[in-house]
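Undergrad: Pasting the sequence and the predicted model now:
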Amino acid sequence: MDTKPFSFNLVTTNKRGEIISTTLGYARSFIQDLGNGVNLEMVQIPGGKYLMGSREERCDWEFPEHEVKLPNFFMSKYPVTQEQYKSITGANPSMFKGDQLPVENVSWNNAVSFCEELATKTGKSYTLPSETQWEYACRAGTGTGTAFYFGDSINSDLVNYNGNYSYGLVHKQKFRQKTLAVGSLMPNPYGLYDMHGNVYEWCLDDWHSNYNGAPDNQNPWFSRSSRWKVVRGGSWNTSPQDCRSTSRSLHMADSACGDIGFRLVLNVS
């Protein structure tokens, strides 16, 4: 891929959700032309190892913590926007309207169909991320002891979530009650935006109630005839607990909600 570098500001927070440092981050990306002036930016994610999941004190469905190794891949810089979705499907089912808002109110089936249409149009094998890819990209090199990629706590200037809920030492924050334009808030160390909050994101995987038997690589985890699929990242309407890097939830493959969207990956040989 013909990638080009880009830079971005990064922040870290303390346990009160206050920004304590700002640094400059760097990543590489390529632009996929979708036609009619609409582009899709794909960010290069470096391969590596990480510990997926939480330690025992967390929820059962985030356990057991286990090592995963992944090769390089690309992930979309933002959740798929309404403009991008319309450019491929001709439709916009979203509850909140705006070209640069994330598309939502799309089922897992809709998201997979979008990927298939995009792959046909471009000749590249775009898919939804596997759960292992999603969590790896969200953590972006941060360790298992950190709930969010910027630190141990959260505030509504960094994440679009339901600020009526407290988290740790951070009490009531803004509750916007809607999505924000993609890229409105701060990125993670890989240069990805909106990995926490704004909209939940579909993963390819079927839902499993724990990680016993889970893949230790980039592959999605499927069961026979499961209707339940994984969503990650939390949303504008969820608690900060649901926005943590390790947090997992589930929805039926044919269900669509105003706080669920998706982003894309492109695997490289």
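TA: Happy to help now that I have it.

Undergrad: and the residue lying closest to Y161 once chain neighbours are set aside, how many neighbours does it have?
TA: Among residues not flanking Y161 along the chain, G197 sits closest, at 4.3 Å (Cβ to Cβ, 6 or more residues apart in numbering). Backbone N, C-alpha and C define where each C-beta goes, glycine included. By other Cβ atoms under 10 Å, 28 other residues sit near G197.

Undergrad: Kindly report the same for N219.
TA: Around N219 there are 16 residues (other Cβ under 10 Å).

Undergrad: Can you tell me the SS state at it?
TA: coil (DSSP: H, G, I helix; E, B strand; the rest coil).

Undergrad: Next, the contact list for the nearest residue to Y190 once chain neighbours are set aside, please.
TA: Leaving out its chain neighbours, the residue that sits closest to Y190 by Cβ to Cβ, 6+ apart is A140, at 4.2 Å. Contacts for A140 (Cβ atoms under 8 Å, 6 or more residues apart in numbering) come out as Y149, N188, P189, Y190, L192, M195.

Undergrad: of the residues you listed, closest to G90?
TA: Comparing the contacts of A140 against G90 with Cβ to Cβ places L192 closest, at 27.4 Å.

Undergrad: Need the pLDDT of that closest one.
TA: In this model, L192 is scored at 99, pLDDT.

Undergrad: can you check K229 too?
TA: The model's pLDDT for K229 equals 97.

Undergrad: got any ranges where this structure has weak pLDDT?
TA: 56-58, 143-145, 224 (pLDDT under 70).

Undergrad: remind me, longest helix of it?
TA: helix 108-122 (DSSP state H).

Undergrad: Identify the residues contacting T3.
TA: Taking Cβ under 8 Å, 6+ apart, one finds R28, S29, F30, Q44 in contact with T3.

Undergrad: Closest one to N155 out of the residues you listed, please.
TA: The closest of the contacts of T3, once distances to N155 are taken by Cβ to Cβ, is S29, at 27.4 Å.

Undergrad: Verify the stated contact: that closest one with M75.
TA: No - using Cβ atoms under 8 Å, S29 makes no contact with M75, being 9.7 Å away.

Undergrad: Between those two, which contacts overlap?
TA: Common neighbours of S29 and M75 (Cβ under 8 Å, 6+ apart) are M42, V43.

Undergrad: who has more neighbours, the two?
TA: More crowded of S29 and M75, by other Cβ under 10 Å: M75, with 24 against 19.

Undergrad: got the phi/psi numbers for the more buried one?
TA: Backbone dihedrals for M75, given as degrees, to the nearest 10, come out at phi -130, psi 150.
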